[in-house]
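Enquirer: I would like to see how this sequence folds:
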Amino acid sequence: MTEQVFHDSEADLSHRATWWTGRIAIYGALTLWTIICLFPIYWTITTSFKAAPDVMQGNMVPWVDFDPKWLGWRSLGLSPETILTESTVRAEFMKRFLNSVITALSSSTLAVVLGSLAAYGLSRFSYRFGFMRNSDISFFFLSQLILPPVVLALPFLVLYKSLALLDTRIGLILLYTLTVLPIVIWIMRDQFAGIPTELEEAALVDGLSIWGAFATIVLPIALPGMVAAFILSLVLTWNEYFFAALLTSTHANTLPVMVASQTGSQGISWWSMAALSFAAILPLIVIGVILERYIIKGMAAGAVK
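Expert: Numbering: from 1, shown residues only. Below you'll find the predicted structure:
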């Protein structure tokens, strides 16, 4: 009896050791991956407080490798001693920031609205355009992402010049909506496909129209997916550089264009670029933290049916 108890105790200790070893390995790997993912943000923040020698020498730890300075933020008029004074650079930054906010929010919202309607139709109704069926139409939308942006540069440049849309916010909004619309359609198609049609049929029996069932039954269930699609669209449109640099010059320039402009004949102003980059990514970080639970729900909603 004593020998049996000893063996059971030994097996229990071995099981616990294996369990703890596995947990330590998993959390160690997750911690390492978290550090790797957050390191670019840390480097950007610290670089905005470095002087030129600190940047060149690769000093990393504030108050250990270098003394933080407001050099990068002062160049943007955002340091404590310049924030209350008039600054043309800060005014230009605010104009670019406002352009990015308007174009990104407007195009993302428009893409989610149009993409949700298209995705709902593809998931609930059967279409036929010549040889194309629902699956062919869905792939057609996705295929628009295959073309590299440089292939579309000249056509859009000529088109926008003829329509007087060069250097306008509305021009960027329309173009950004087209670029993220295929992604929204594919995300929302899976979201709507995971919602049982019996819920809508019951709503129709109760007297609701198709639009009524869509607004009161389907949309609340699909809301996490719509938020996830909106966040993804917002990130893509907020960070877009190529078309913003090509189709704007003075009035509608966005933050990515301003970040790239920190390179001059004297070299790259790393401290100014880092301060500007962190100011540009901060809104996305805040939005991501606030809407994290919706993002996770939206991404996982179509995984298990």
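
Enquirer: does Arg189 really touch Ser123, like I thought?
Expert: Yes. Assessed by Cβ atoms under 8 Å, Arg189 is found in contact with Ser123 at 5.3 Å. Placement of C-beta: from N, CA and C, glycine included.

Enquirer: neighbour count winner among the two?
Expert: Arg189 (23 against 19; other Cβ atoms under 10 Å).

Enquirer: residue contacts, the nearest residue to that one once chain neighbours are set aside?
Expert: Leaving aside its chain neighbours, Arg189 sits nearest to Ala119 (4.1 Å; criterion: Cβ to Cβ, 6 or more residues apart in numbering). Listed by Cβ atoms under 8 Å, 6 or more residues apart in numbering, the contact set of Ala119 reads Val184, Ile185, Trp186, Ile187, Met188, Arg189, Gln191, Phe192.

Enquirer: chain center to stretch 213-227, what's the gap?
Expert: Centroid separation between stretch 213-227 and its chain, computed with Cα atoms, centre = their mean, to the nearest Å, is 21 Å.

Enquirer: for that stretch, which positions count as buried?
Expert: Using 16 or more other Cβ atoms under 10 Å as the test for burial, stretch 213-227 gives Ala213, Phe214, Ile217, Val218, Ala222, Pro224, Gly225, Met226, Val227.

Enquirer: Just give the number of residues close to Glu198.
Expert: With neighbours defined by other Cβ under 10 Å, the count for Glu198 comes to 8.

Enquirer: So that it lines up with my notes, have the first residue be 30 from now on.
Expert: Okay, residue one is now 30; in that scheme the one you just asked about reads as Glu227.

Enquirer: how close does it get to Arg322?
Expert: Per Cβ to Cβ, to the nearest Å, Glu227 is found 27 Å from Arg322.

Enquirer: likewise Arg125?
Expert: Taking Cβ to Cβ as the measure, Arg125 and Arg322 are separated by 31 Å.

Enquirer: Which of the two has more residues huddled nearby?
Expert: The residue with more neighbours, out of Arg125 and Arg322, is Arg125; 22 against 10, by other Cβ under 10 Å.

Enquirer: So the more buried one is in contact with Thr279, correct?
Expert: No. When contacts are counted by Cβ under 8 Å, Arg125 is not listed as touching Thr279 (11.0 Å).

Enquirer: residue boundaries of the strands in the stretch 180-329 of the chain?
Expert: Assigned by DSSP state E, counting those that start in this stretch, the stretch 180-329 of the chain shows strands spanning 292-293, 296-297.

Enquirer: which one of those has the lowest average pLDDT?
Expert: The stretch with the lowest mean pLDDT among the strands of the stretch 180-329 of the chain is strand 292-293, at a mean of 67.

Enquirer: Okay, helices next: where are they in the protein?
Expert: Applying DSSP state H to the chain gives helices spanning 31-76, 81-86, 100-104, 117-153, 163-172, 178-191, 198-222, 226-234, 239-242, 248-267, 271-276, 284-289, 299-319, 321-329.

Enquirer: could you dump the ones you listed to TSV with distance to Thr111 and mean pLDDT?
Expert: Shown next, in TSV, are the helices of the chain (distance: least, Cβ to Cβ, whole Å; pLDDT from 0 to 100):
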stretch	distance to Thr111	mean pLDDT
helix 31-76	19	80
helix 81-86	19	82
helix 100-104	6	84
helix 117-153	8	92
helix 163-172	48	79
helix 178-191	37	90
helix 198-222	28	91
helix 226-234	57	84
helix 239-242	53	84
helix 248-267	26	89
helix 271-276	27	92
helix 284-289	18	88
helix 299-319	12	86
helix 321-329	34	64
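
Enquirer: so which of the ones you listed gets nearest Asp94?
Expert: For Asp94, the closest of these is helix 81-86, at 7.2 Å, according to Cβ to Cβ.

Enquirer: next one: that closest one to chain centre, how far?
Expert: Here helix 81-86 is found 31 Å from its chain centre; the criterion is Cα atoms, centre = their mean.

Enquirer: Spatially central residue in this structure, please.
Expert: Centroid check for the chain by Cα atoms, centre = their mean gives Val264 as the closest residue, at 2.5 Å.

Enquirer: Quickly note the distance from that residue to Thr76.
Expert: Separation of Val264 from Thr76 (Cβ to Cβ): 22 Å.

Enquirer: again, but for Ala274
Expert: From Ala274 over to Thr76 the distance is 23 Å, taken as Cβ to Cβ.

Enquirer: cool, Asp165 as well?
Expert: Look at Asp165 and Thr76: by Cβ to Cβ, they are 49 Å apart.
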